[in-house]
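In: just a sequence and a predicted model for now, questions to come.
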Amino acid sequence: MMTTPFEAFSFAKRIPSTPSIGSTTVTKPDHIHLSFGFAAPHLFPIEELSQAAYEAVSLHGRTALQYSGSGGPRKILEWIQNRSLVHGIQAELPQILVTYGSTQGIDIAARILLDPGDHVWVESPSFFSALQAFRAAEAVITSFPIDEDGLRVDLVENALLEARRQNKPIPKFVYTMPTYHNPGGVTLTTERRARLAELAETYNFFIVEDDAYSELNFTGNKYPPLYTLLPGRVIYLNTFSKIIGPGLRLGWMIADRRVIDKARLLNLGGSIGVFTQEILAQLLDRLAFQEHVDQLSQHYHKQRDIMAEAIKSSFGDHVTFHLPEGGFYIWLRFGEAVNTSDFLREAAERGVSFVDGKSFFAKPEGYHYARLCFSYVSEEQILRGVNILADAYFAYEEQRLFGVTKQRHL
């Protein structure tokens with residue numbers, strides 16, 4: 001029987017193209033993924049989660065598996081409320097919305113605040129999934145550089161002054177990762193936080209504060225969440241992905257009640273992962289959470305130091321980077337003439353992946369940067385992976401400069 005092929009069709013224009021981020025193809029059994037922004041699997045609380053899952057089924061399964069779930073979702077809201085107080089955030093339960101990770105929170109914020117053509121201001125670089133969400137919302141994206149103290153708030157202020165003077169659009173919101181920035185690793189200073197909050201109040205825009213890494217603190221230095229400075233104009237996002245396990249796909253949003261009410265309208269299927277919330281509630285009842293977080297921070301702190309030393313040893317003065325106070329990432333800066341995309345494949349063929357810099361920018365720039373993740377891999381893999389990456393880079397450099405491949409010399 002003859003069949004007629006489908007006619008050509010088009011997708012919605014608001015859906016952006018989504019190229020592969022980083023070189024993550026496994027080319028060898030022992031491939032080293034410095035590209036993966038994953039948590040360390042050996043630190044997952046497996047035994048506690050196993051018991052929590054058993055109790056969720058045996059004690060609450062017949063209600064927890066219904067649409068509205070059992071008592072777990074409310075316990076999770078109360079846990080978020082109480083844990084937020086540790087960081088100075090005071091919120092009533094109706095101000096908290098559980099989400100599918102913080103990335104869904106970014107998407108929700110974009111969908112409830114943006115109409116096509118509205119303006120969003122971001123850091124440069126910024127989290128690539130956030131950029132995709134804003135493109136899908138058909139927003140006009142303007143980016144502002146970061147330095148070792150975080151977002152250049154002075155440049156944001158100058159742009160706001162100029163926009164008002166010329167009667168140009170003010171952003172609907174500024175998206176920022178102020179603490180242990182992904183990918184930059186930098187942290188916004190207390191002074192800049194205060195000024196950004198003042199600008200949001202003066203110019204009447206929102207701040208979307210992505211705080212996914214703040215629990216992973218290596219130094220003990222404390223920074224006030226932007227939400228504490230301007231609760232009525234900050235949408236605060238956080239996640240269990242970095243502190244329990246990303247496979248849970250649970251995070252949360254804290255905002256003004258009117259914002260949360262709008263966000264709830266987008267949950268067409270009802271509450272988020274109610275059975276998963278039941279398991280997590282059982283886990284948090286038995287987990288010594290602060291001890292758990294301290295263990296995570298100590299481990300990732302050690303991983304950071306190992307990677308930093310490996311970079312210095314393998315790359316010498318060919319790269320610079322800011323030493324992050326927390327989080328998962330080191331952001332490498334190469335010479336201006338280097339294009340890190342050009343040795344992605346070479347690195348992958350040698351057995352290591354990383355994320356090239358251009359993936360984190362709203363416009364074509366950032367080619368001489370690269371993001372490395374120290375959380376997912378072992379100490380031995382960090383040392384070996386950084387050395388392999390350096391080999392790939394120096395082979396690229398010799399080819400670029402001289403047209404031949406030579407052994408590297410530091």
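Out: Looks like it came in fine.

In: show me this structure divided up by domain.
Out: According to automatic domain parsing, the chain comprises the domains 32-44+291-402, 47-286.

In: in CSV, list those domains along with mean pLDDT.
Out: Converted to CSV, those look like this (pLDDT from 0 to 100):
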stretch, mean pLDDT
domain 32-44+291-402, 96
domain 47-286, 96
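
In: who wins for proximity to Ile15 among those?
Out: Ile15 lies closest to domain 47-286 among those, at 6.0 Å (CB to CB). All C-beta spots, glycine's among them, are computed from the backbone N, C-alpha and C.

In: so for that closest one, first residue to last residue, what's the gap.
Out: Distance between the boundary residues of domain 47-286 (CA to CA, to the nearest Å) amounts to 11 Å.

In: what does stretch 173-182 give?
Out: Stretch 173-182: ends 19 Å apart by CA to CA.

In: so how far is that stretch from its chain's centroid?
Out: 9 Å (CA atoms, centre = their mean, to the nearest Å).

In: would you mark the buried spots in stretch 160-168?
Out: Across stretch 160-168, burial judged by 16 or more other CB atoms under 10 Å covers Leu160, Ala163.

In: identify all contacting residues around it.
Out: With contact meaning CB atoms under 8 Å, 6 or more residues apart in numbering, stretch 160-168 is reached by Pro169, Ile170, Leu199, Tyr203.

In: now for those residues: which two are most distant?
Out: Pro169 and Leu199 (15.2 Å).

In: those two: who's more crowded?
Out: Using other CB atoms under 10 Å as the criterion, Pro169 and Leu199 rank with Leu199 on top: 19 against 11.

In: give the contact list for that one.
Out: So Leu199 contacts Val153, Val156, Glu157, Leu160, Phe205 (CB under 8 Å, 6+ apart).

In: might one say that the last one is in contact with Pro169?
Out: Right, the one you point to is Phe205. No. Phe205 lies out of contact with Pro169 (CB atoms under 8 Å); the separation is 10.2 Å.

In: the domains of the chain: which one's closest to Lys13?
Out: That would be domain 47-286 among the domains of the chain, by CB to CB, at 8.3 Å.

In: I'd like the next helix or strand past the strand of greatest length in the chain.
Out: As assigned by DSSP state E, the longest strand anywhere in the chain is strand 140-147. Note on strand 140-147: by DSSP states H and E, the next helix or strand toward the C-terminus is strand 150-151.

In: picking up where we left off before, among the contacts of Leu199, name the ones in helices.
Out: Using DSSP state H, the members of the contacts of Leu199 that fall in helices are Val153, Val156, Glu157, Leu160.

In: follow-up on the earlier one: can you put the domains of the chain in JSON lines and add distance to Ala12?
Out: Output for the domains of the chain, formatted as JSON lines (distance: least, CB to CB, whole Å):
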{"stretch": "domain 32-44+291-402", "distance to Ala12": "21"}
{"stretch": "domain 47-286", "distance to Ala12": "9"}
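
In: cool, thanks, signing off.
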